[in-house]
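Student: turn this into a model:
(chains A and B)
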Amino acid sequence: MASLGDVFEEVLGRRVELKGETTAADVDGWDSIVHVMLVLATERKFGIRFESSEIANAADVGEFVSLIETKLAG
Amino acid sequence: MYLPQNLDYIQLMGLGRDRPDDVGHARVAVLGFCTTQYYTAVLRGLGKASGFPIATYEPEYDTVHQTVLDPTSGLYEFGAQFVVVLTAVQAVRNTLLSVPVADRLATAEREAERLVSILSRAAEATGATVVVNELVLPYERPWGNLTGRIDGSLPSAVRLINERLRRLAETVENVHTVDTDHVASWIGKKAWFDERLWFYSKSFCHPEALPQVAAQALDIMRASAGTSVKCVALDLDNVLWGGIVGEDGLEGIRLGELGDGEAYVQFQIWLGELRSRGVLLAVCSKNDEDKAREPFRKHPDMVLREDDISCFVANWEDKARNLREIARRLNIGLDALAFLDDSPFERNLVRDLVPEVCVPELPTDPAEYVPYLESLNLFEATQFSVEDLRRADFYRANELRASEQARFADVDEYLSSLEMEAAFEPFDEHHLPRIAQLVQRTNQFNLTTIRHSPAELKSFAQDPLYFPFYVTLSDRFGDNGLISVVVGKREGDSLDLVTWLMSCRVVSRRVEEFVLDQLVEVARDAGLRRLRGRYAPTQKNGLVSGHYERLGFTLAEAHADGSSDWELHVDDYEGSRAPIAKRALVGN
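Tutor: Take a look at the predicted model:
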């Protein structure tokens, strides 16, 4: 979660408080454009690649984190 | 474009995020057949990082036609100076693929027509400089290696559309294309295309590639705004050859077959090509001058010769000072210089002391010089004229004139000895490209610095209110080409000099006096009684602050912004006796 915080800061230009239940609606500026940026910055940071379905689907930050963890474990 | 910091797309987007005050920024509208936001944010970041700040306007997604065709759309309210149009091969491929192979080219032709017509309309209706991304050739090749030979294949159809775009840019002066396929190939199409991002967010490329593709548009914008590198100043040792000629001697330097010598030969060939397209070459070296010149004279593998160097400075002074000297001798601004040196010490010294000069890094391996410099695209130009091919020779002749001048007692005697002849002619179609180029490039001898667009210049030629002239000059050392442009406009009983500019390579030759003689005659013939001129100061045109006063105009009004209006009654004018004969000419 902490390193994901870095990704958010890199993309949004400011620190945001992330909790498992945080969704796009809770974060000012997290629109569809920023969403893609977050996904790509996450890919770069962790050296992983999301599939098309995964780019759109994560419902909240918690789900996104577990998706990253699955990928890192696999 | 060279950026001192290496910024990735996320950092550039961050830089472009804050836009508190757009005053004085270049106004850029970004229209696309795809999502434009990523590109636009990167473009703003690049503009800020490179000292060319831009304000942007983006209409709704995929509304190129509506935005251009609707005179009440935000595009026109925004007042764009530049319109960037983003194409996406992903957006046209299905249209092409939906028809039988036999009909593909016809469909491509129709798509091209649609595109060309909306771009022409945008160019005409906005008067802005339109920069359009060509299509990237798709990665799909259903026929494998045969694909390029199949007329109806997707790549062939896309190639045809690009062909039409380039033809448009050739015929409409304010349309320019970006060779997007070059950028994509350079990066690698596997990295460029990301189908996930096309499906999910209609991005025409992976954002990692955006800095490079947006930089191309920015390079074009800067060039059309008059900022371009006109001269490359070269260090010698370990730049044009390997080793140090002062220590290793003529036989000891690496050039040609020896060691990495072939890389230096290739670099010289590359520089020679730049020279032949009109970029000047200068030498700026810490060396004894005779040692520095020796390889140019005697080394069998040297590609560049002394004749190729428009200004040769080799001494033990510091390089900042020598670069100022080069700029002075060539009569160009410091910001028109790029400086190439293998020594980080020299590069940093120049960056510190003459920040206007563009000082790219230089790789340690000479084999990397050309690919690295190519990646920077330092020499963008919006026009190419026959004058470019001869420019280096003009400057070379100037050096000869300078050495001649020393022999004469006074300047007038010297000027008379030049046997100058000038033509003063109304604009014509044949000379328009060079006229437009001079209007874009001239910063110092430029009274009003109005960057008339090529379309505007063309319209002057047909408008009875306007009196647009160009001047060419030759002397016994050779032809100087088209070197001055004056645009007069009839206002009541006056001829208002909207634009008066001249190439700095003919400064101090009394050409402006000759031009005034002609203008007075034009005014008299048209029954006008006065000439009125304005001086509008810029950072760079201090050279002509006293222009009208020197020519005998009287001050009519001085404005608070530093500009001033001047006038001259034609009845009071006696003629200049400038030592320049008027040539009645056709052609040239």
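
Student: residue numbers of the stretch 101-250 of chain B in contact with chain A?
Tutor: Taking Cβ under 8 Å from any Cβ of the partner chain as the contact definition, the stretch 101-250 of chain B meets chain A at B:Arg196, B:Leu197, B:Phe199, B:Tyr200, B:Ser201, B:Ser203, B:His206, B:Pro207. (C-beta placed from N, C-alpha, C; glycine too.)

Student: roughly how far does B:Arg104 sit from B:Cys34?
Tutor: Distance, B:Arg104 to B:Cys34, using Cβ to Cβ, to the nearest Å: 22 Å.

Student: I misspoke; the intended subject was B:Asp62.
Tutor: Computed with Cβ to Cβ, the distance linking B:Asp62 and B:Cys34 is 7 Å.

Student: neighbour count winner among the two?
Tutor: B:Cys34 (21 against 16; other Cβ atoms under 10 Å in any protein chain shown).

Student: just give the nearest non-adjacent residue to that one, would you?
Tutor: With Cβ to Cβ, 6 or more residues apart in numbering or on different chains as the criterion, B:Cys34 has its nearest non-adjacent residue at 4.0 Å, and that residue is B:Ala88.

Student: could I get the pLDDT score of the one you found?
Tutor: pLDDT, the model's per-residue confidence, is 97 for B:Ala88.

Student: now do the one 4 residues further on
Tutor: B:Val92 is assigned 96 on the pLDDT scale.

Student: doesn't B:Thr177 make contact with B:Arg166?
Tutor: Yes: judged on Cβ atoms under 8 Å, B:Arg166 makes contact with B:Thr177 at a distance of 5.7 Å.

Student: name the residues contacting each of the two.
Tutor: Counting by Cβ atoms under 8 Å, 6 or more residues apart in numbering or on different chains, the shared contacts of B:Arg166 and B:Thr177 are B:Glu134.

Student: the two: which is more packed in?
Tutor: In terms of neighbours (other Cβ under 10 Å), B:Thr177 is the more surrounded of B:Arg166 and B:Thr177; the figures are 22 against 15.

Student: intersection of neighbour lists for B:Asp62 and B:Cys34?
Tutor: Listed contacts common to B:Asp62 and B:Cys34 are B:Ala91, B:Lys202; contacts here mean Cβ under 8 Å, 6+ apart.

Student: most surrounded residue in the residues of the stretch 101-250 of chain B next to chain A?
Tutor: Result: B:Ser203 is most packed of those (other Cβ under 10 Å), 25 neighbours.

Student: and the pLDDT at that residue?
Tutor: 96.

Student: what's the burial count for B:Asp517?
Tutor: 19.

Student: so what's the gap between the helix or strand harbouring B:Arg110 and the chain middle?
Tutor: Using DSSP states H and E, B:Arg110 sits within helix B:104-126. Helix B:104-126 sits 26 Å away from the centroid of its parent chain (Cα atoms, centre = their mean, to the nearest Å).

Student: same check, this time on stretch B:99-112
Tutor: Here stretch B:99-112 is found 36 Å from its chain centre; the criterion is Cα atoms, centre = their mean.

Student: just confirm B:Val30 is within a strand.
Tutor: Yes: counting by DSSP: H, G, I helix; E, B strand; the rest coil, B:Val30 is part of a strand.

Student: which helices and strands does the least confident helix or strand in chain A by mean pLDDT pack with?
Tutor: Of all helical and strand segments in chain A, the minimum by mean pLDDT, DSSP states H and E falls on helix A:52-57, at a mean of 86. Applying 3 or more Cβ pairs under 8 Å, 6 or more residues apart in numbering or on different chains; DSSP states H and E, one finds that helix A:52-57 contacts helix B:195-201.

Student: residue of the stretch 51-200 of chain B closest to chain A, please.
Tutor: Residue nearest to chain A within the stretch 51-200 of chain B (Cβ to the nearest Cβ): B:Arg196, separated by 4.7 Å.

Student: what sits against the closest residue to that residue other than its chain neighbours?
Tutor: Residue nearest to B:Arg196 in three dimensions, not counting chain neighbours: A:Ser52, with 4.7 Å by Cβ to Cβ, 6+ apart. Neighbour list for A:Ser52: B:Arg196, B:Phe199, B:Tyr200 [criterion: Cβ under 8 Å, 6+ apart].

Student: and residue 53, how many neighbours?
Tutor: You didn't say which chain, so I picked chain A. As a burial measure, A:Ser53 scores 9 neighbours (other Cβ under 10 Å).

Student: not quite, I wanted chain B
Tutor: Number of residues near B:Pro53 (other Cβ under 10 Å) recorded here: 17.
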